[in-house]
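[1] how would this look folded up:
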Amino acid sequence: MSKKIAVIGAGISGMSCALLLAEKGHQLHIISKGFSPNITSNRAAAFWFPYHIRNDKRGIDWCIKSFEYYKARCSDETGISMKKLVKAIKNNTGDEDTWLDFMPENSVKLLKNEQAPKGYDIAYETHVPLIETQIFLPWIRKQLEEKHATFKQEEITDIEAINKEYDVVINCSALGSRSLCNDTSLIPVRGQVVLLEPGYPDHIFLDNQTPAYIVPRKDATIVGGTYEENVFEERTEEESLKDILAKACSVFEGLEGRKVIGNWAGLRPFRPQVRLEKEEGTNIVHDYGHGGSGYTLAFGCAEEVVKLVEEI
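    Sure thing, here's the model as predicted:
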């Protein structure tokens with residue numbers, strides 16, 4: 001039976017939930033204080049990787065389902081492609097190998113010592129989906145519009161005030177849930193990046209302990225980053241940007257001299273565990289707190305949201 005459903009939030013979590021629910025024949029209404037391109041999900045580097053979620057083993061299934069979703073939809077139209085990723089590790093930095101539990105079976109190979117990037121002791125190679133946010137988010141919106149979904153720009157400050165208007169309300173308000181749900185376990189983690197002219201390198205580089213990453217998109221090479229907990233200001237700082245570039249150039253000497261075309265900062269909505277549940281005694285389903293793994297988890301979590309909605 002078709003339900004009238006409100007989705008609060010138009011980031012990747014909200015949009016993935018809306019799309020899968022619309023594909024099931026439900027009537028979708030997306031309500032958000034902002035839409036692409038003016039949202040945090042647009043600023044994500046958005047390559048698939050289990051980032052800061054390894055203490056939540058539910059994430060293994062969500063990660064794999066999202067991986068399969070993206071891999072099946074690689075095209076210029078969606079902005080999704082499969083890219084080589086090299087994960088580099090320095091000895092004695094506290095990195096561990098639990099991330100391997102979240103990877104598709106037989107998808108990772110250990111590189112020989114001399115194959116590790118400059119300055120690193122160990123490296124792994126894999127191929128993962130790269131989601132070009134500036135293409136993919138508009139693509140989802142187009143699919144939703146074709147299924148007659150509606151979009152309304154409004155900041156919801158009281159979830160109880162709207163849930164009587166809908167059969168189901170899906171809360172994907174990310175950091176907005178700090179106030180909307182009085183959830184102080186949800187904190188902002190600021191990430192800053194530098195944007196270089198596109199064209200180099202041709203693969204993704206990741207050191208998630210530093211953190212440092214380089215992501216080759218069509219519109220820019222994204223060079224990151226920072227992991228700053230409990231920082232509420234969505235702005236970049238000159239010293240941080242200089243440090244980010246210096247670290248990247250020490251690994252990839254070919255980056256030196258490439259034109260800087262911009263920078264940005266985004267606030268990741270981090271929670272010790274993702275909140276994905278139907279709130280007892282209500283018609284509200286929560287799906288928030290994905291931290292830096294929003295794209296990595298999105299469609300796996302959305303599949304679970306669909307199951308919860310069908311039980312209501």
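[2] the helices in the stretch 151-300 of the chain, which residues?
    159-163, 177-180, 238-251, 294-311 (DSSP state H, counting those that start in this stretch).
[3] ok, Ser240 - contacts?
    192, 226 (CB atoms under 8 Å, 6 or more residues apart in numbering). Every C-beta, even on glycine, is put in place using the N, C-alpha and C of the backbone.
[4] again with Ala116
    88, 122-123.
[5] same deal with Ala6?
    Per CB under 8 Å, 6+ apart, neighbours of Ala6: 29-31, 162-163, 165-166, 168-170.
[6] one more time with 7 Å, if that's ok
    Contact partners of Ala6, counting by CB atoms under 7 Å, 6 or more residues apart in numbering, are 29, 31, 162, 166, 169.
[7] From Glu277, how far off is it?
    From Ala6 across to Glu277, the span is 17 Å (CB to CB, to the nearest Å).
[8] Tell me where the stretch 151-300 of the chain has strands.
    168-171, 187-196, 204-207, 212-216, 221-224, 228-229, 260-278, 284-290 (DSSP state E, counting those that start in this stretch).
[9] So Phe205 sits against Ile214, correct?
    Yes - because the distance of 4.3 Å satisfies CB atoms under 7 Å, Phe205 is recorded as touching Ile214.
[10] picking up where we left off before, quick one: which of the contacts of Ala116 has the most company?
    Compared across those, Ala88 has the highest neighbour count, 23 neighbours, by other CB atoms under 10 Å.
[11] wait, doesn't that one sit right on Asn208?
    No - taking CB under 7 Å as the definition, Ala88 is not a contact partner of Asn208, at 9.4 Å.
[12] okay, and for the chain, where does confidence drop off?
    Across the chain, the ranges flagged by pLDDT under 70 are 94-95.
[13] distance of the residue of the chain most remote from its centre from Asp167?
    Distance from the C-alpha centroid of the chain, by CA atoms, centre = their mean, peaks at Glu114 (31.9 Å). In this view, Glu114 and Asp167 are 60 Å apart by CB to CB.
[14] now Thr78
    Taking CB to CB, one finds Thr78 at 30 Å from Asp167.
[15] One more: Glu256?
    57 Å.
[16] Quick check: the gap between Glu280 and His286.
    For Glu280, the distance to His286 (CB to CB) stands at 11 Å.
[17] quick check, distance from stretch 198-213 to the centre of its chain.
    16 Å (CA atoms, centre = their mean, to the nearest Å).
[18] What of stretch 150-166?
    24 Å.
[19] export stretch 291-308 as CSV, just CAs?
    C-alpha atoms of stretch 291-308 as CSV (Å, rounded to 0.1, in the frame of the first residue of the first chain):
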residue,chain,number,x,y,z
GLY,A,291,29.9,10.7,10.2
GLY,A,292,32.4,10.6,7.3
SER,A,293,30.8,7.5,5.8
GLY,A,294,27.5,9.0,4.5
TYR,A,295,27.9,7.8,0.9
THR,A,296,29.5,4.5,2.0
LEU,A,297,26.5,3.6,4.2
ALA,A,298,23.6,5.5,2.4
PHE,A,299,21.9,2.8,0.3
GLY,A,300,22.5,0.0,2.7
CYS,A,301,20.8,2.1,5.4
ALA,A,302,18.1,3.2,3.0
GLU,A,303,17.2,-0.5,2.3
GLU,A,304,16.7,-1.0,6.0
VAL,A,305,14.6,2.1,6.2
VAL,A,306,12.4,0.7,3.5
LYS,A,307,11.9,-2.5,5.5
LEU,A,308,11.0,-0.4,8.6
